[in-house]
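Novice: take this sequence and fold it.
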Amino acid sequence: MNAEYKSPWLNEELQILKGAVAKFYEREFQPHVERWEEQGHVDREAWLKAGEAGILCASIKEEYGGGGGNFGHEMVIAEEQSRAGISGFGNSVHSGIVAHYIQSYGTEEQKKKWLPKMASGEIVGAIAMTEPGTGSDLQGVKTTAKKVGNQYVVNGQKTFITNGQ
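Specialist: Alright, predicted model coming up:
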């Protein structure tokens, strides 16, 4: 297999991003991978560094602090993370799922409050789907959320929370 494989959808802009992300992961993440795997999570400082480098929320609108890119930008970042052997850094969930839920379904107030903090790495987006006895079968989920006054009371159990720290 050719170590210099180039995805056919990479244009010049994405090729430049690919190089920058590869250098970032090599410099800022790879020296810590073994320790992160032993401790069971990536250091919070790593999220902040990734935010500074523009690796978080690359396909979120610029007006909300994102990179203004598209799915190709997210895929370049994910490919380079995989190529670098970095597990435990749940950027695909953070940037590709949670941030997009907020951008697509959140109120304008929610978008302005949460997305810039996600793009900077100040906060980390998490997903809690898996429950005892149901796995990640979302139709079998038993957890409920009921509005009580100005808040929601969430009642249920979760087995895994991706990016839960």
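
Novice: how about low-confidence regions in this protein?
Specialist: Counting by pLDDT under 70, the chain contains low-confidence residues at 1-3.

Novice: please repeat the previous calculation with a cut-off of 50.
Specialist: For the chain, applying pLDDT under 50 flags the ranges 1.

Novice: what's the distance between the nearest residue to residue 29 once chain neighbours are set aside and residue 24?
Specialist: In this structure, residue 29 finds its nearest non-sequential neighbour in residue 86, 5.2 Å apart by Cβ to Cβ, 6 or more residues apart in numbering. C-betas here are computed from N, CA, C, even on glycine. Plainly put, residue 86 is 11 Å away from residue 24 if you go by Cβ to Cβ, to the nearest Å.

Novice: if we can go back for a sec, helix, strand, or coil at the residue nearest to residue 29?
Specialist: Three-state assignment for residue 86 (DSSP: H, G, I helix; E, B strand; the rest coil): coil.

Novice: how near is it to residue 25?
Specialist: Here residue 86 is placed at a distance of 6 Å from residue 25 (Cβ to Cβ).

Novice: tell me which of those two has more neighbours.
Specialist: The neighbour count for residue 86 versus residue 25, taken as other Cβ atoms under 10 Å, is higher for residue 25 (23 against 19).

Novice: so that one, which of the three states?
Specialist: helix.

Novice: so who does it touch?
Specialist: 80-81, 84, 86 (Cβ atoms under 8 Å, 6 or more residues apart in numbering).

Novice: could you redo the last one with a cut-off of 6 Å?
Specialist: By Cβ atoms under 6 Å, 6 or more residues apart in numbering, residue 25 lies in contact with 80, 84.

Novice: give me the distance between it and residue 63.
Specialist: Per Cβ to Cβ, residue 25 is found 28 Å from residue 63.

Novice: do the same with residue 129
Specialist: Distance from residue 129 to residue 63, counting by Cβ to Cβ: 29 Å.

Novice: more crowded one of these two?
Specialist: Applying other Cβ under 10 Å to residue 129 and residue 63 shows that residue 129 carries more neighbours, namely 16 against 11.

Novice: name the nearest residue to the more buried one, sequence neighbours excluded.
Specialist: residue 136 (4.9 Å).
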